[in-house]
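Visitor: build the 3D model from these lines:
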Amino acid sequence: MDNVTNIESIERAISELYNGSTEQRSLANQWLIQVQLSPDAWKFCWKLLDFEKAFEVQFFGACTLYVKISKFWGELNSDSEENHEIIEQLRLKLFDIVVKYSQSNGLKAVAGRLTVAFSSFILHSVTNIWKTAIDEIFANLATFQNETMNRLFLEILTSLPEELNNGSFMNRVDVISVLRQHSDRIFNLLSTLLNSSDNQFGATQALKCFSSWITISLPLQQIAPTVVEIFKFLFDITTFDAAVETLCNIFSHGEVSTYKNTIYEFFFPKLDELFSLIVSAQQNNDSDTCHGLTRIITTLADSSISIIKSCAASGEEARIQRVAKFLELVLQCSRMPGFYPIDEQSSDMPFTFWYNLQDEIWNLSAQERTPEVMSFFQGYYFQLVDVILVKTVLPPKKVMDTWGSDEMEGSRCYRQDVGDVVMYMYNVLHTQLLKHICERLSTFLQNTDTSIQYIEAALFLLRSVADAVDLEETTYIPAVFELLPRLPQEDCLIQQSLFVISSFAEWLSNHPDILYPLKALLIRGLIAKETALPASLALKEILREHQHCAHEYAEDVLQAIFEVFQANSVGVREQNRLASCAALIIAVLPFDDARRCADTVLSPKFLEFQVAASSPNKYALAVNVLNIFSGFFYFLNVYTSEELPHSPKNGELVIELVSKLLPSLKVALETHQAREEIVQATCTLFKRAIRSSLNDFSALFSDTTSLIIQLYPVKPHASVLDLSSQLLTLMVSDEGNYREMAQRTFCEICSYSLKLFEGTIDPDIAEAFMSFLGLLVRRSTDLFLTINNKTLMEAAIFCASAKESGTVKQACFFLTNFISAPHRLNSPNHPVRQAVGEYGRRLVNVMIGGIAGNSPRIVVDSFAEVITALNKYEITLHSAWLKAACEEYDLVDKAIFASRILREKNNRRRIAEIVQEYTLKWRGLMSTEYGRQTAMLALS
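Guide: The predicted structure is shown next:
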């Protein structure tokens, strides 16, 4: 930085900061930050505060002075006696400039920064240098008759707690102690000001000061009369916001709940005023005022829950009546007119209170839990149901169509919160809640003038309690399901009815007689685009819970799914879900019926895929159809119930379907040039097909391995390796003639993968290749007889030294099984052991470097696994390798480390502990709390 005290350079940089290009602003900002950090800033900031300078320059000067005092106080060396005079001069100069700017019109922002700087100065010096600072402020308040000066001193007092909370002070505890010594004086002054009819300071500033000082001390019993007076400022629009902030800060203070008697005696009597205020604001559609009042009411309510509980259980009529008024007031907060979040954004604030009150009710003692007390609270929860039922009502569709995405998301989240509240209420109201909602639903249906939105809202509340309803409940739920098919045929009602069915799927599995009449409603919902989402969700949930009876309605549902697939009338996600539903149904049918139904239902998708496979511009469609088939295969063998009437040969069905799909699949891979999404979708399809068919998949071994060998060199992908490991594991376990095919496929994959290591290999492919090798060396070591194991060992060592933790872990997984393989086979001259003997020293070198810090700490437990294997199977060679490797690194206690590792032999737990201990020591984390906690986490 060239001559940072050059004022012209600073002014030029400030001008660029405000008026320059984006690049100039960035450079100017960086340079000015460095200027502020310079020790010379103590001097040049005063020149920037000259009244002849531009406003931007003055503001930067004030900010610089604040930064130096608040963050670089140590540069003044306040503990040195000879510097006390310098600090005293700074105080006088700072006070003088604060006064001048506070008396200047139009420079309020600069004056504000200087005031905060002066407050920071007081906090840094009040414990040792300027102990009488606050006393002098009070003296000046009594001396000055100038309104501007008195306002300034009040602003300084306001800033003291704020700056203390925002700043960093080495002697923070001492500073708080000093401020608390003056808190009574402060509150007495503010009480006088707030009660004065002629307050020259301004009520807003006094309220801000009061709000600030309660963070230092909250003697609520002493200041309660003043707090009561603050309520009157809610009636004045000019002081409303300040009064709201002050009251909310008081009622949310951590110590306020300890003053139960004070809250009850002083603040509960103000409930009537608050009620009249919020009702008036709601009638005038004043959402801002409602929001502020709701903040006060809910904050006070959250702090008074234990008082509400004890008063309600006291048996004293006066206390019960006050609590009743309070609960009615909280209810009123949610009776906001209009729709959330368009017309109001405060009706959700009381939800937390009702959650917490429910917990308090739940914790009532046996003596307190009388029928009268429970009835008292239940009455208000019933009212809450009615309130939120109205608030849950959605506007007409034409209105919602005008909402933006943010408004729609806000409404969705609001409904989710409402649903959580209703479900929680079940703990208080039990089945009476069901009765209440059902009665409202019945009333809405009987009244022909009722908007369908109210019926939809009642259904929404009903499905919100589904998880809490007892599976044996038979009083209200059957009546609801009997009602659903007879509801008006409006999309919103059909959607919500289907969501109700989905939510009660588990209940329906216990009451199958209720389910069959709902079939028509489900099928109608599947076909229409507007209702396909809830219908497909409902059908899938029902089938998961009720699959063993799916054959009873199989034909009708499968016909509906076929029509949807043929018309492509719903979205991709819904089609995927419907494919899963079709599989769940077909899985319980006799084989001939299953084959016929699968061919029929999936025939539109086979035709669609044939077209997409040969059309370069229909790449996305090809991926979507493959995902639909994958979902079908996945759910084809999900059933586990012993009640299934048939045992279909699902494996044979999968083989037939894959065989039918295979020609088009080869065309698709060639047409779309084996694009990544196509490759991934193809591999997912085959993995799920293997999972569903198991040994029956042997009929497709040849075609699948040919496809893999053809595909992998064109588009190397981790999913191809995952599929290969699954397929080869199945092939080598087959007693047929597939071992030679498996050996050839294994060699082809290894050969091409090792070529990738000659360049820059994708970490995902490296990780997948190590996982591929690790699974197969454990499953069939014979595969490694005809492969260059030394090259594999080199690749594994390379992966063990990688920076990606997943790659390192999979490399260690392979190496651990690789080292043990010859000994499991009792074959001491196995080629695998020869590779370990030749490359073992390099491996140990890499692991010691990784433990010392070359690898992420999260992988050192994997190194411990490899070390354990070497100790167990190659102890003689490992001893020499370990000692030699330790000598190559400049590490403390390396000989002791080697000795302790070798002594433990094959004790995995102890070796892991030793490795964790030394990785902390060698990384310099041994004595740190972070190191201790993360080591425990790693070992666990």
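
Visitor: tell me where the stretch 1-150 of the chain has helices.
Guide: In the stretch 1-150 of the chain, helices defined by DSSP state H, counting those that start in this stretch lie at 7-19, 22-37, 41-48, 55-71, 84-102, 108-125, 133-143, 147-166, listed in chain order.

Visitor: mind listing residues that contact the last one?
Guide: Applying Cβ atoms under 8 Å, 6 or more residues apart in numbering, the set of residues contacting helix 147-166 from outside is 70, 98-99, 102-103, 112, 115-116, 118-120, 122-123, 134, 137, 140-141, 144, 172, 175-176, 179, 186, 200-202, 205-206, 208-209, 212-213, 215-216. In this view, the C-beta of every residue, glycine as well, is placed from N, C-alpha and C.

Visitor: can you name the next helix or strand after that helix?
Guide: helix 172-195 (DSSP states H and E).

Visitor: that next one vs helix 133-143, what angle?
Guide: 20 degrees (axes from the mean of the first three to the mean of the last three Cα atoms, to 10 degrees).

Visitor: now helix 172-195 against helix 108-125, angle please.
Guide: Using the same axes, to 10 degrees: helix 172-195 against helix 108-125 is 130 degrees.

Visitor: for helix 172-195, what does the pLDDT average out to?
Guide: Throughout helix 172-195, pLDDT has a mean value of 89.

Visitor: ok, now stretch 204-218?
Guide: For stretch 204-218, the per-residue pLDDT averages 91.

Visitor: report the buried residues of that stretch.
Guide: 204-214, 216-218 (16 or more other Cβ atoms under 10 Å).

Visitor: any idea how far that stretch is from the chain center?
Guide: Relative to its chain's centre, stretch 204-218 lies at 35 Å (Cα atoms, centre = their mean, to the nearest Å).

Visitor: and if you look at stretch 850-859?
Guide: How far stretch 850-859 lies from its chain's middle: 29 Å, per Cα atoms, centre = their mean.

Visitor: any low-confidence regions in the stretch 51-200 of the chain?
Guide: Low-confidence segments of the stretch 51-200 of the chain (pLDDT under 70): 77-83, 141-146, 197-200.

Visitor: look at Arg910 and say how many residues are nearby.
Guide: The local packing of Arg910 (other Cβ atoms under 10 Å) involves 16 other residues.

Visitor: in this structure it contacts Glu904, no?
Guide: Yes: between Arg910 and Glu904 a contact is recorded at 4.6 Å, counting by Cβ atoms under 8 Å.

Visitor: now the helices for the stretch 801-940 of the chain?
Guide: According to DSSP H, counting those that start in this stretch, the helices that the stretch 801-940 of the chain contains are 805-824, 831-849, 860-873, 875-887, 894-904, 908-923, 929-939.

Visitor: out of those helices, which gets the lowest mean score?
Guide: Looking at these, the weakest mean confidence is helix 929-939, a mean of 54.

Visitor: still on that earlier bit, turn the helices of the stretch 801-940 of the chain into CSV, including distance to Thr246.
Guide: As requested, those are arranged in CSV below (distance: least, Cβ to Cβ, whole Å):
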stretch, distance to Thr246
helix 805-824, 51
helix 831-849, 61
helix 860-873, 54
helix 875-887, 67
helix 894-904, 63
helix 908-923, 50
helix 929-939, 39
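
Visitor: which of those sits closest to Asp288?
Guide: Nearest to Asp288 among the helices of the stretch 801-940 of the chain is helix 929-939 (46.4 Å), distances taken as Cβ to Cβ.

Visitor: find the nearest non-adjacent residue to Asn195, please.
Guide: Glu229 (5.9 Å; Cβ to Cβ, 6 or more residues apart in numbering).

Visitor: so what's the residue count around the one you found?
Guide: Neighbour tally, Glu229, other Cβ under 10 Å: 13.

Visitor: and what of Ser879?
Guide: Neighbours around Ser879, by other Cβ under 10 Å: 16.
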